[in-house]
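1. Just need the structure, nothing else, for what follows:
(one chain, ligands or ions: 2)
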Amino acid sequence: MLKGTGASGGIGIGYVKVVRDQKPVYERRRVRNTDEELKRLHNAVKSFVETTEQLAEKVEAEAGKKEAGILRGHIMILKDPVLAYEIEKLINGGECAEAAVEQICNMFISVFASKDDDLTQQRAADMEDLKSRLIKHLLGMDEVRLSPLLPDTVICARELTPSMTAGLDRKNVAGFITEKGGETSHCAILARALDIPAVLGTEGIVNRVCDGQRIILDGETGEIIIQPDKSTEEKFRRIQEDYYNRRELLRHYLGKPTTDADGNRFSVLCNIGNDSDVNKAIDSDGEGVGLFRTEFLYLDRKTEPDEQEQFEVYRSAALKMSGKPVVIRTFDIGGDKEVPYLEMDSEANPFLGIRAIRYCCIHPEMLRSQLRAILRASAFGDLRILIPMVSDIPELIFVKNMIGEIKTELREKDIAFNEDIKVGVMIETPSACLTADILAKESDFFSIGTNDLIQYTMAADRGNSQMGYLYSVFKPSVLRAIRHTISCAKAEGIPVEMCGEAAADPLLTPLLISYGLDSFSVSPTSVLTIRKEISRYTKQRSDEIAAAVEGMTDAEEIKKYLRSQIMENAE
Ligand code: PEP
Ligand code: MG
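-> Ligands and ions are numbered 1, 2, ... in the order given. Coordinates of the predicted model:
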């Protein structure tokens, strides 16, 4: 079995078609009649613009305006006067049109490709596509056409450029598999918009398959099975059917407010780990970002991100979410998240040592730079600050004082920020839970981090599978910790969300409704599932279920009972 990145959900079952994009080959020559050569260039640009506009219209009809915008972006790049000027300058100096296009495009590509962010990298890929297509127009070569295709075609390619994907014979495509591209590439965006299962970033696929072979791809898990046997194919047919049934039922909840069966409002937010995940939060209909795990900005690199870099990420998230809440958790490094350039001393018990807010209290400068970035970006949307791993009141006061100092500095420098930015505390240690009444007086909101709250309440390592029998949200102590936290928040009148994985567990939903949770923050793929679950319970029914659970002492018994209630409620 091969594996790539699942980039567009669903199961594709069909026959391989390997697509090889032929590189345009031309002979570089010196030209004397430069006017004639400029005319060739202008004709090629004209035919490029015409075909691209036709493709864009097709995409707009099938996938939408935003997706067509990718191709229209190519036209805009080509119409950029700087690009045209540079290409024409080379032609006027005696270069042939093909070589002039290649050299100038390559210049832009190397500038874009040297940048780290996904968006600029994507511009390099766009420029590469544009270069190759424009040279083909100059040479009168055919562009790759994925039309017409035989029914149930699974396209396998090194890369699918936006122009190739756009001209696609959609009805006959069962899936895409490519070697290049990730979840945020244009190919992935188009695949999702056209609703075609896709697995990208699959090394070596083109040389592993040949035309006509039977193949299966799972656009959620990234699995690929070449020449499956009968029983494997049957198994995937069942998964396929289940996927479409589930999705169809859930679509009903798209764009709907989150309410329980009595009409009481809740919200379902998304957990994200980087800027491009914001798009997933939007696509999945999340009502905001409930947890932005910012430590991912600090990992996998050689130096710390500076204030400006962070500011740009947070501002972009704020702008994309256009006024919806975005809860930015200050970095939670330490524990299992090591950052090599910080040269942290190794500890005997890293999960009980210098982690998250504890690191910040010892090394305040890194936190100061992050808080400044968040405060500056708060002028662009509803950003909120969340502090992880709080176990003592002074830790919260320390951060609040620092925020106060930064606000004074920003005011003095006339830099815009949100004066009323909310500061919340993650409840993920027993100490924070037991002092939740005191913390609630100093916080604007709580967010319950069950992943750690379970670990620390049960003294059971969250990463050790042998601790599975103890590590469960359904343990009476953990349920009490959750209920107690919510009731302290309610007593103080502050909102409370849950951002640990347990928020996405449908078995827990009625208990959380009964306890009074306001927001569920889950991975984008779980938004509609949880919205649907919430809609199934009245407050009274949730209270009855919670009361029954109250009398139980064993997690397995609780789970069994909750499972039976889900079934009963579904009938
Ligand atoms: C949690 O502990 O529940 C949480 C959301 O934080 P993380 O999983 O990042 O530790
Ligand atoms: Mg945690």
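2. element containing the residue nearest to residue 88 when sequence neighbours are not counted, please.
-> Leaving aside its chain neighbours, residue 88 sits nearest to residue 38 (6.3 Å; criterion: C-beta to C-beta, 6 or more residues apart in numbering). Heads up, the C-betas are built off the backbone N, CA and C, glycines and all. Taking DSSP states H and E as the criterion, residue 38 maps to helix 34-62.
3. gap between the spatially most central residue of the chain and ligand 2?
-> With distances taken as C-alpha atoms, centre = their mean, residue 277 lies nearest the centre of the chain, 2.2 Å away. Distance, residue 277 to ligand 2, by C-beta to the ion, to the nearest Å: 17 Å.
4. That residue touches residue 524, doesn't it?
-> Yes - with contact defined as C-beta atoms under 8 Å, residue 277 counts as touching residue 524 (7.4 Å).
5. what touches both of these two?
-> residue 270 (C-beta atoms under 8 Å, 6 or more residues apart in numbering).
6. Number of residues surrounding the residue nearest to residue 88?
-> For residue 38, the count of nearby residues is 17 (other C-beta atoms under 10 Å).
7. before we move on, the earlier item: average model confidence for the helix holding residue 38?
-> Helix 34-62 comes out with an average pLDDT of 88.
8. Quick one: list the elements packing against it.
-> Here helix 34-62 touches helix 65-79, helix 81-92, helix 97-113, helix 118-139, helix 162-166, going by 3 or more C-beta pairs under 8 Å, 6 or more residues apart in numbering; DSSP states H and E.
9. and the angle from that helix to helix 97-113?
-> In terms of direction (axes from the mean of the first three to the mean of the last three C-alpha atoms, to 10 degrees), helix 34-62 departs from helix 97-113 by 50 degrees.
10. centre of the chain versus helix 34-62, how much separation?
-> 34 Å (C-alpha atoms, centre = their mean, to the nearest Å).
11. Can you point out the buried residues in that helix?
-> Of the residues in helix 34-62, 37-38, 40-41, 44-45, 48, 51-52, 55-56, 58-60, 62 count as buried by neighbour count, 16 or more other C-beta atoms under 10 Å.
12. deepest of the helices and strands packed on helix 34-62, which one?
-> helix 162-166 (a mean of 26; mean count of other C-beta atoms under 10 Å).
13. Just name whatever secondary elements the helix or strand following that one is in contact with.
-> Once the chain leaves helix 162-166, the next helix or strand it forms, by DSSP H and E, is strand 173-178. When contacts are defined as 3+ C-beta pairs under 8 Å, 6+ apart, strand 173-178 packs onto strand 11-19, strand 153-157, helix 186-194, strand 198-200, strand 214-218.
14. and these, which is most packed in?
-> Counting by mean count of other C-beta under 10 Å, strand 198-200 has the highest mean neighbour count of those, with a mean of 30.
15. Let me see the residues that make contact with that one.
-> Against strand 198-200 from outside (C-beta under 8 Å, 6+ apart): 4-8, 12, 175-178, 180-183, 185, 187-188, 191-192, 217-219, 222-224.
16. Same check on stretch 41-56?
-> Contacts of stretch 41-56 (C-beta under 8 Å, 6+ apart): 68-69, 71-72, 74-75, 78-79, 87-88, 91, 97, 100-101, 133-134, 137-138, 143, 163, 166-167.
17. cool, stretch 117-135 as well?
-> Contacts for stretch 117-135 (C-beta under 8 Å, 6+ apart): 21, 23-24, 26, 44-45, 48, 70, 73-74, 77-78, 98, 101-102, 105-106, 108-109, 112-113, 115, 143, 161-163, 184-186, 275-276.
18. Leaving aside the residues adjacent along the chain, what's closest to residue 19?
-> residue 157 (4.2 Å).
19. Between the buried residues of helix 34-62, which sits nearest residue 418?
-> Each of those was scored against residue 418 by C-beta to C-beta, and residue 60 proved nearest at 37.4 Å.
20. Please determine how far that closest one is located from residue 76.
-> According to C-beta to C-beta, to the nearest Å, residue 60 stands 15 Å off from residue 76.
21. Kindly report the same for residue 282.
-> Per C-beta to C-beta, residue 282 is found 23 Å from residue 76.
22. same thing with residue 17?
-> Distance of residue 17 to residue 76, given as C-beta to C-beta: 32 Å.
23. Then residue 3?
-> 37 Å.
24. coming back round to it: OK, contacts around the residue nearest to residue 88?
-> Counted by C-beta under 8 Å, 6+ apart, residue 38 has contacts 88, 91-92, 97.
25. pretty sure residue 383 is touching residue 376, no?
-> No - Residue 383 is beyond contact range of residue 376, at 9.8 Å (criterion: C-beta under 8 Å).
26. Was I right to think residue 531 contacts residue 267?
-> No - using C-beta under 8 Å, residue 531 makes no contact with residue 267, being 9.3 Å away.
27. between these two, who's got more neighbours?
-> Each of residue 531 and residue 267 has its neighbours counted (other C-beta under 10 Å); residue 531 has more, 25 against 20.
28. Report the separation between the closest residue to residue 26 other than its chain neighbours and residue 139.
-> Closest residue in space to residue 26, ignoring its immediate chain neighbours: residue 98 at 4.3 Å, by C-beta to C-beta, 6+ apart. For residue 98, the distance to residue 139 equals 7 Å [C-beta to C-beta].
29. again with residue 197
-> To residue 139, residue 197 is 35 Å away according to C-beta to C-beta.
30. Who has more neighbours out of residue 383 and residue 376?
-> Taking neighbours as other C-beta under 10 Å, residue 383 and residue 376 compare with residue 383 leading, 26 against 22.
31. Within range of ligand 1, give me the residues from the stretch 451-571 of the chain.
-> 451-452, 499-500 (C-beta under 6 Å from any ligand atom).
32. Most neighbours among these, which one is it?
-> Going by other C-beta under 10 Å, residue 499 tops these with 27 neighbours.
33. That residue: what's it in contact with?
-> Per C-beta under 8 Å, 6+ apart, neighbours of residue 499: 269, 271, 290-291, 327, 426, 447-449, 521.
34. what do you get for residue 322?
-> Shown in contact with residue 322 (C-beta under 8 Å, 6+ apart): residue 381.
35. Check the secondary structure at it for me.
-> With DSSP: H, G, I helix; E, B strand; the rest coil as the basis, residue 322 sits in coil.
36. Same question for stretch 550-566: list its buried residues.
-> Those would be 552, 555, 558-559, 562, 565, for stretch 550-566 by 16+ other C-beta under 10 Å.
37. Just the ones of these in helices?
-> Under the assignment DSSP state H, those contribute 555, 558-559, 562, 565 to helices.
38. Need the residues you listed in JSON lines (columns: pLDDT and distance to ligand 2).
-> Formatted as JSON lines, those follow (pLDDT from 0 to 100; distance: C-beta to the ion, whole Å):
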{"residue": "555", "pLDDT": "97", "distance to ligand 2": "21"}
{"residue": "558", "pLDDT": "97", "distance to ligand 2": "23"}
{"residue": "559", "pLDDT": "96", "distance to ligand 2": "23"}
{"residue": "562", "pLDDT": "97", "distance to ligand 2": "24"}
{"residue": "565", "pLDDT": "93", "distance to ligand 2": "29"}
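39. Give the rounded mean pLDDT of stretch 88-107.
-> Mean predicted lDDT for stretch 88-107 stands at 95.
40. now stretch 322-340
-> The pLDDT scores in stretch 322-340 average 90.
41. Pass me the low-pLDDT residue ranges in the stretch 451-571 of the chain, would you?
-> Low-confidence segments of the stretch 451-571 of the chain, defined by pLDDT under 70: 569-571.
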